[in-house]
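In: Predicted structure and sequence below. I'll ask about it afterward.
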Amino acid sequence: MSQTTLDDDDLFTEAASEMREDVESSLAAARDALPDADAVWETDADNTLGALNGLRSALDVGDASEHLRDAKKWYTMGEQADAFEDAEELAEEIEEVAELIEDIERAHEQVGELASTIPQLRSALEDAEEDDADADADADAETAEA
């Protein structure tokens, strides 16, 4: 075996190790960018709309999607080069983070829709209460006249 071949093998092993580190560090950064569980669960809002807006803010994935994209990029390069001994394990980790980000983004969207609906619902309920109060007043007036 020539010295060049040995050096190439060493370089490939080193590059594979660096790619794995890049995948793992990108996944760690993606996890770190996800919302804190307590921020999603706890609120100090005075009303429903405030709670929903706080929850919507807490459900922001920040840079997690970009970090996940980097992890996928490095994983794809390493997988195509057959550089990972346990590619399936890395793929599972990537998929877990991707699913978590999708769940959070879906919840963020749902909370946003609900937050935009609540003021309209409140207004409609207030109008219904006013109509009911007006109807009661009219009924009382008719009873008094009779």
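Out: All right, it came through fine.

In: From the contact counts, what lies against the longest helix along the chain?
Out: In the chain, with assignment by DSSP state H, the single longest helix is helix 87-145. In terms of contacts (3 or more Cβ pairs under 8 Å, 6 or more residues apart in numbering; DSSP states H and E), helix 87-145 is packed against helix 3-33, helix 48-58, helix 64-80. For the C-beta atoms, the positions are set from N, CA and C on the backbone; glycine is no exception.

In: What residues of the lowest-mean-pLDDT helix or strand in the chain count as buried?
Out: Here the helix or strand of the chain ranked lowest by mean pLDDT, DSSP states H and E is helix 3-33, holding a mean of 87. By neighbour count with 16 or more other Cβ atoms under 10 Å, helix 3-33 contains the buried residues 16, 19-20, 22-23, 26-27, 29-31, 33.

In: same thing with stretch 47-55?
Out: 51-55.

In: same deal with stretch 64-71?
Out: Buried residues in stretch 64-71, defined by neighbour count with 16+ other Cβ under 10 Å: 64-65, 67-68, 70-71.

In: from the chain's centre, how far out does that stretch sit?
Out: With Cα atoms, centre = their mean, to the nearest Å as the basis, stretch 64-71 stands 13 Å off its chain's centre.

In: One more: stretch 30-43?
Out: 9 Å.

In: now do stretch 20-35
Out: 15 Å.

In: any residues touching that stretch, and which ones?
Out: Stretch 20-35 is contacted by residues 58-65, 67-68, 70-71, 74-75, 78, 83-84, 90, 93-94, 97, 100-101, 104 when judged by Cβ atoms under 8 Å, 6 or more residues apart in numbering.

In: Write the PyMOL selection for whichever of these are buried.
Out: Burial among the contacts of stretch 20-35 is assessed by 16+ other Cβ under 10 Å; the matching PyMOL selection reads:
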select buried, resi 58+59+61+64+65+67+68+70+71+74+75+78+83+84+90+93+94+97+100+101+104
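
In: centroid residue for this protein?
Out: Nearest to the mean C-alpha position of the chain, by Cα atoms, centre = their mean, lies Ile104 at 2.7 Å.

In: Show the pLDDT at that residue.
Out: Here, the pLDDT recorded for Ile104 equals 98.

In: and it, what is it in contact with?
Out: Contact analysis of Ile104 by Cβ under 8 Å, 6+ apart lists 34-35, 59, 61.
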